[in-house]
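sequence first, then the predicted structure:
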Amino acid sequence: MKRQARAAILHTMNVRPPRRTRRFAVSLVVALAAATSIARGEDLRIRLNTVGYVPAAQKRASVAGPCDTFRVVSEPGRGEVFVGRAGPPIHNADTEESIVVADFSEVRTPGVYRLDVPGVGRSPPFRVGTAVYAVPFRTVMRGMYLWRCGCAVSATWGADYFTHTACHTADAFLDYVGGGHTAKDFAGGWHDAGDYNKYVVNAGFSLGVLFQAWEHFGDKIGAIHLNIPESGNRTPDFLNELRWEVDWLLKMQAEDGSVYHKVSTTRFGGFVMPEGEKADRFVAPWSSAATADFVAVTAMAARCFKPYDSDFAARCLAAARRGHAFLLAHPQDHRADLTGFSTGPYQANDAGRRTWAAAELWETTGESAWLKEFEGRTTAEGPKVDVVAGWGNVRNLSVYTYVMSKRAGREPALVDTLTSALVATADGIVKTRDAHGYARPLGTRYTWGCNGDVAQQVQTLHVASRLHANPAYDGAALDALNHLFGRNVYGRSFVTGLGDHPPMHPHDRRSGADKVADPWPGYLVGGGWPKPTDWQDAQENYRTNEIAINWNATLIYALAKFVSAETVR
């Protein structure tokens, strides 16, 4: 069992078959997990947030078994602290279960507890405290550092040591962009997901979410020490980590202002460590989606880094201006020519991205031309706020920036329209949460990477709460975390290394290739789709068990909202 996880956020699964067995015997792993729970007197039918709860929050569990009364007992003394009566049985349609809800919100005293249900069993331990999300936040942010490409990385997690040497230092060849088989420096950045390629479109969305986390919660997360190579300089570690990705993005801009779409092998590589992937990597031709995302995030970087490194901020803004000038000169949606590549396409329409680029340039500079462009595009596209945002649809990110701006000059009618749309969407998320047996804010919507969508909804809920105070928004945001950390049909955490029975076999080449029994920590897996019961904790199942920078980014935002001043140094 991981010592750090046990001490800080209770415990993780303590029966782990060898890696060679894990790849081919998923059913055995599931059986062992259940057997482990039984041996500990726990029952996975009691489903709650296995990381914990902040004291003032609503605390509820979903029980997929007979439950009339329940009690909360403290650990390790097992003294009874609360006795409650469960609600009536409800049918949860998407999981096809009869469940009851146990509400123990009255338990507010910091400590470690279990839920005890007569006739069913007891839950895994969970913590109540103001700092329950400090370790998860730091761990998931450290996951971004461990994704770094082009350098060696290392981390100790409990008794495990994770490391790889410098990788992909020869990025990348210019064959597909007219430069012949010659190399140019495209080193750096983050590996995108369970593979080692690097995609501008997904990097753009991920950085957009993370820069908004900084702008919304910098007072909470700015002092958190991440123990990365840059720690101790004049820049907060959170921004230090983002800069690693921004530095790579700046290399992806061509002299004319356009932005190359990706750096990639021609086909996905095998399960080897990053430094063991020796296939040639190539830069792919430009796309207007990549260019617009680049403009948005370099404009954000310019204003976020200005207090700490004005020269770097100026460089970012100059790059954003060049990219925007190119977009103006090339107004048509332009997809990258990916002939020859079978790796992730990340092709997307650029319309909402051009709108986002204009919003961020205006917010950074205050120049009215970009405000006019944003407002004109938003009106033409139809001012609205979607239930979720993602790499394929960044519209919401531009709305968050616009409605929260303190700059003068906005069109009052459009501000009112977008504010109303945002609040209506947040209200709809709350209603969806209320109707679901596991209080899942995304309800019965299941798509590729839907766990990331659950986390992303916290952005809409937070911005809505800033504009229109409603305690239900924070409650739904916390329920997003509750779902991801165990209040789900599996009764398991969806984040490697965190909570109870976390994923052990993510679709992650490092975890599949190294000699460590545990997977690399701090990564949110995609989740079950098209049905919630379709998740498989299997390395081969990239459709439900892959990891990706965009899903981690949304989880980081969701956690940042609830990180208290009692952070991990």
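Yep, that arrived.

before we move on, what's the pLDDT of residue 448?
Note for residue 448: predicted pLDDT of 98.

contacting residues for it?
Residue 448 makes contacts with 526, 529, 543, as judged by C-beta atoms under 8 Å, 6 or more residues apart in numbering. (Each C-beta comes from the backbone N, C-alpha and C, glycine too.)

which residue sits closest to the second one, ignoring its sequence neighbours?
Of all residues not flanking residue 529 in the chain, residue 446 sits nearest, at 4.0 Å (C-beta to C-beta, 6 or more residues apart in numbering).

so that neighbour sits against residue 533, correct?
No. Using C-beta atoms under 8 Å as the test, residue 446 is too far from residue 533 to be in contact (9.7 Å).

neighbour count winner among these two?
residue 446 (21 against 13; other C-beta atoms under 10 Å).

please report how far the more buried one lies from residue 95.
If you measure residue 446 against residue 95 using C-beta to C-beta, to the nearest Å, the figure is 11 Å.

turn the contacts of residue 448 into CSV, columns for pLDDT and secondary structure.
Putting these into CSV (pLDDT from 0 to 100; DSSP: H, G, I helix; E, B strand; the rest coil) gives the following:
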residue, pLDDT, secondary structure
526, 98, coil
529, 98, coil
543, 97, helix
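
between those residues, which is nearest residue 67?
Of all the contacts of residue 448, the one with the least separation from residue 67 (C-beta to C-beta) is residue 529, at 28.5 Å.

who touches that closest one in this structure?
With contacts defined as C-beta under 8 Å, 6+ apart, the neighbours of residue 529 are 446, 447, 448, 450, 543, 544.

at 6 Å what do you get?
Residues counted as contacts of residue 529 (C-beta atoms under 6 Å, 6 or more residues apart in numbering) are 446, 447, 450.

re earlier: quick check, the residue nearest to residue 529 in a strand?
No. With DSSP: H, G, I helix; E, B strand; the rest coil as the criterion, residue 446 is coil rather than part of a strand.

just the strands in the stretch 251-400 of the chain please.
Ranges of strands in the stretch 251-400 of the chain, per DSSP state E, counting those that start in this stretch, are 262-264, 282-283.

report the residue spans of the stretch 451-569 of the chain with pLDDT below the cut-off.
Along the stretch 451-569 of the chain, the parts satisfying pLDDT under 70 run over 565-569.

just the helices in it please.
Along the stretch 451-569 of the chain, the stretches classed as helices by DSSP state H, counting those that start in this stretch are 471-484, 509-513, 542-545, 549-560.

distance to residue 195 and mean neighbour count added to those helices, as a markdown table?
Putting the helices of the stretch 451-569 of the chain into a markdown table (distance: least, C-beta to C-beta, whole Å; neighbours: other C-beta atoms under 10 Å) gives the following:
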| stretch | distance to residue 195 | mean neighbour count |
| --- | --- | --- |
| helix 471-484 | 23 | 24 |
| helix 509-513 | 6 | 22 |
| helix 542-545 | 9 | 20 |
| helix 549-560 | 11 | 27 |
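
can I get those helices in CSV with distance to residue 281?
As requested, these are arranged in CSV below (distance: least, C-beta to C-beta, whole Å):
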stretch, distance to residue 281
helix 471-484, 33
helix 509-513, 15
helix 542-545, 20
helix 549-560, 18
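
what about residue 159, how many residues nearby?
Other residues within reach of residue 159 by the criterion other C-beta under 10 Å amount to 12.

quick one: it from residue 329, how far?
Going from residue 159 to residue 329 by C-beta to C-beta gives 56 Å.

please identify which of the helices of the stretch 451-569 of the chain is closest to residue 284.
Comparing the helices of the stretch 451-569 of the chain against residue 284 with C-beta to C-beta, the closest turns out to be helix 549-560 (17.8 Å).

so what secondary structure elements neighbour that closest one?
Contact here means 3 or more C-beta pairs under 6 Å, 6 or more residues apart in numbering; DSSP states H and E; on that basis helix 549-560 packs against helix 134-146, helix 200-221, helix 450-467.

that one: how far from the chain's middle?
3 Å (C-alpha atoms, centre = their mean, to the nearest Å).

one more: stretch 375-393?
Computed by C-alpha atoms, centre = their mean, the separation of stretch 375-393 from the middle of its chain amounts to 21 Å.

so which bits of that stretch are buried?
Across stretch 375-393, burial judged by 16 or more other C-beta atoms under 10 Å covers 375, 377, 378, 383, 385, 387, 388, 389, 390, 391.

does the fifth one touch residue 425 like I think?
Yes. Under the criterion of C-beta atoms under 6 Å, residue 385 makes contact with residue 425 at 4.3 Å.

any stretches of this structure with poor pLDDT?
For the chain, the stretches flagged by pLDDT under 70 are 1-41, 565-569.

one more pass at 90, please.
Judged by pLDDT under 90, the chain has its weakly predicted residues at 1-42, 76-78, 564-569.

so what are the domain limits for it?
Taking automatic domain parsing as the domain assignment, the record places the domains of the chain at 45-132, 134-499+543-560.

excluding chain neighbours, what is closest to residue 495?
Spatial nearest neighbour of residue 495, chain neighbours left out: residue 524 (5.2 Å); criterion: C-beta to C-beta, 6+ apart.

how close does the one you found get to residue 552?
When residue 524 is compared with residue 552 (using C-beta to C-beta), they lie 6 Å apart.

now residue 170
Taking C-beta to C-beta as the criterion, residue 170 is separated from residue 552 by 26 Å.

what about the residue nearest to residue 529, distance to residue 316?
37 Å.

next: residue 122.
In this structure, residue 122 and residue 316 are separated by 52 Å, where distance is defined by C-beta to C-beta.

the more surrounded of the two?
In this comparison of residue 122 against residue 316, neighbours counted by other C-beta under 10 Å, the higher total goes to residue 316 at 27 against 19.

cool, thanks, signing off.
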